[in-house]
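Asker: sequence-free structure coming up:
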């Protein structure tokens, strides 16, 4: 089954209407671009112009808007899901009284987490395929170059710090439920690995997508302790991140100046 059809079936099967990367619409934009250019009198039969007015004016702005909506939705829902799982007893009871728990049991919350992972993965695949198609039509590498731009704009969903949090949460659940036949599974094939004594989170997702997250702090060069993930996706020890941001551990990273940058990639985080 072609991905476009498979993707449309996924969208139609969603119980909740979540923002998605409109793969079918973006394909139509590329198709219109190719037809318009091939009908142009000066077409040389080899390539589109370096700056394509059809795509640059419609394709990339639409993709940025949709990717931003997807990663924003994922981050918000993943954060809320983890808050429901992780608070201590009294706080969870208080949240239940406020109606935030919505009478969901543990299995239901785990299923929601799994659905979120699928949502993130299938949208990431849609972005990867549509950018590959862009380069094929334009005989260019602008689609691949867009990936770096997306990371700098914090709209690359596989770089989301909340995806890292879900991966770590999955590992912890698997360790605590190892004797249970009903062990929850947010991911299929997610593990903590050691290569030359360097730890990393490794996870295989749909369509041969593999995530490897290094758990070595780039500041102290040791295994991260009390890890924190910045908006760019890089992970540091909490104490190291606070020191780099010139804030105290008591005040925390929320007290950092908005202009503070990631110590590794220098992006505002």
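Answerer: Okay, I see it. Owing to the predicted nature of the structure, the values given are computational and were not obtained by experimental measurement.
Asker: part of a helix, is residue 192?
Answerer: No: using DSSP: H, G, I helix; E, B strand; the rest coil, the assignment for residue 192 is strand, not a helix.
Asker: excluding chain neighbours, what is closest to it?
Answerer: Distance criterion Cβ to Cβ, 6 or more residues apart in numbering; nearest residue to residue 192, sequence neighbours excluded, is residue 171 at 5.6 Å. C-betas here are computed from N, CA, C, even on glycine.
Asker: do I have it right that the one you found meets residue 190?
Answerer: Yes: under the criterion of Cβ atoms under 8 Å, residue 171 makes contact with residue 190 at 6.7 Å.
Asker: what is in contact with those two at once?
Answerer: residue 201 (Cβ atoms under 8 Å, 6 or more residues apart in numbering).
Asker: so for those two, which sits in the more crowded spot?
Answerer: Set residue 171 next to residue 190 and count neighbours by other Cβ atoms under 10 Å: residue 190 wins out with 20 against 17.
Asker: name the nearest residue to the more buried one, sequence neighbours excluded.
Answerer: That would be residue 203: by Cβ to Cβ, 6+ apart, it lies 4.0 Å from residue 190.
Asker: re earlier: and the gap between the residue nearest to residue 192 and residue 203?
Answerer: Computed as Cβ to Cβ, to the nearest Å, the residue 171 to residue 203 distance reads 10 Å.
Asker: got any residues that touch both of those two?
Answerer: In contact with both residue 171 and residue 203: 190-191, using Cβ under 8 Å, 6+ apart.
Asker: quick one on the thing from earlier: what about the residue nearest to residue 190, distance to residue 170?
Answerer: 8 Å.
Asker: shared neighbours, those two?
Answerer: Joint contacts of residue 203 and residue 170 (Cβ under 8 Å, 6+ apart) are 187, 190.
Asker: how are the helices of the stretch 51-200 of the chain distributed by residue range?
Answerer: 53-54, 60-85, 89-97, 106-138, 142-152, 161-176 (DSSP state H, counting those that start in this stretch).
Asker: ok, which of those comes nearest residue 212?
Answerer: helix 161-176 (10.7 Å; Cβ to Cβ).
Asker: any residues touching the closest one, and which ones?
Answerer: Contacts for helix 161-176 (Cβ under 8 Å, 6+ apart): 74-75, 78-79, 82, 85-86, 110, 113, 116-117, 120, 157, 183-187, 190-192, 201, 203, 211, 213, 227, 229-231, 233, 235.
Asker: which of these count as buried?
Answerer: Neighbour counting by 16 or more other Cβ atoms under 10 Å classes 74-75, 78, 82, 110, 113, 116-117, 120, 157, 184-187, 190, 201, 203, 211, 213, 227, 229-230, 233, 235 among the contacts of helix 161-176 as buried.
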